[in-house]
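>>> Sequence plus predicted model, see below.
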Amino acid sequence: MSVRRRLTTATGAVLLTFAVAGCSGLGRTMVGTLTYETERDLVVTVTSPSVNGCHRLAPSGATKVENNTLVDIVLYRTRDCKGEESTYLPTTLSDGIVPGTLPWRSYSVVH
């Protein structure tokens, strides 16, 4: 293999690595499923949601959440991922609200 061909191959490999690394943050997902139950016993499953931003749950909120993804999340009782009443839910665990309390209405990813 000539020196020029090796240099071209090496340059191409470096550029490809930068291209993949540069775009990886845009499409990152939680990998797995997030399943929650509403007050009306409706079960909703979300597959591999984005790790970016605030995610709203069903309008009526969620009474039980199962985090079967590869990342931890924080559940909020507000629609905008704000407020002091939040619950940390690690990966592969589930949690339910205490009867008589407000349901969870949004979540964000811990990263």
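Good, I have the coordinates. All values reported here derive from a predicted model rather than from experimental measurement.
>>> CA atoms for contacts and neighbours, from now on please.
Fine.
>>> Is it correct that residue 80 falls within a strand?
No - per DSSP: H, G, I helix; E, B strand; the rest coil, residue 80 lies outside any strand segment and is coil.
>>> Can you tell me how far residue 103 is from residue 94?
Using Cα to Cα, to the nearest Å, one gets 14 Å for the distance from residue 103 to residue 94.
>>> which of those two has more neighbours?
residue 103 (22 against 15; other Cα atoms under 10 Å).
>>> isn't that one right next to residue 61, touching?
Yes - with contact defined as Cα atoms under 8 Å, residue 103 counts as touching residue 61 (5.1 Å).
>>> going on from the least confident helix or strand in the chain by mean pLDDT, what's the next piece of helix or strand?
Taking mean pLDDT, DSSP states H and E as the measure, helix 3-23 is the helix or strand of the chain with the lowest mean score, a mean of 48. Next along the chain after helix 3-23, taking DSSP states H and E as the criterion, comes strand 32-37.
>>> what does the average pLDDT come to for that next one?
Taken as a whole, strand 32-37 has a mean pLDDT of 96.
>>> got it, and stretch 48-65?
Stretch 48-65 comes out with an average pLDDT of 95.
>>> Tell me which residues of that stretch come out buried.
Using 16 or more other Cα atoms under 10 Å as the test for burial, stretch 48-65 gives 48-52, 54-58, 61-65.
>>> Check stretch 85-99 too.
For stretch 85-99, by 16+ other Cα under 10 Å, it's 86, 89, 90, 91, 95.
>>> so what's the closest residue in space to the third one that isn't next to it in sequence up against?
In this structure, residue 90 finds its nearest non-sequential neighbour in residue 72, 4.3 Å apart by Cα to Cα, 6 or more residues apart in numbering. Residues counted as contacts of residue 72 (Cα atoms under 8 Å, 6 or more residues apart in numbering) are 88, 89, 90, 91, 109, 110, 111.
>>> Pretty sure the fifth one sits against residue 71.
Yes - under the criterion of Cα under 8 Å, residue 109 lies in contact with residue 71, with a separation of 7.1 Å.
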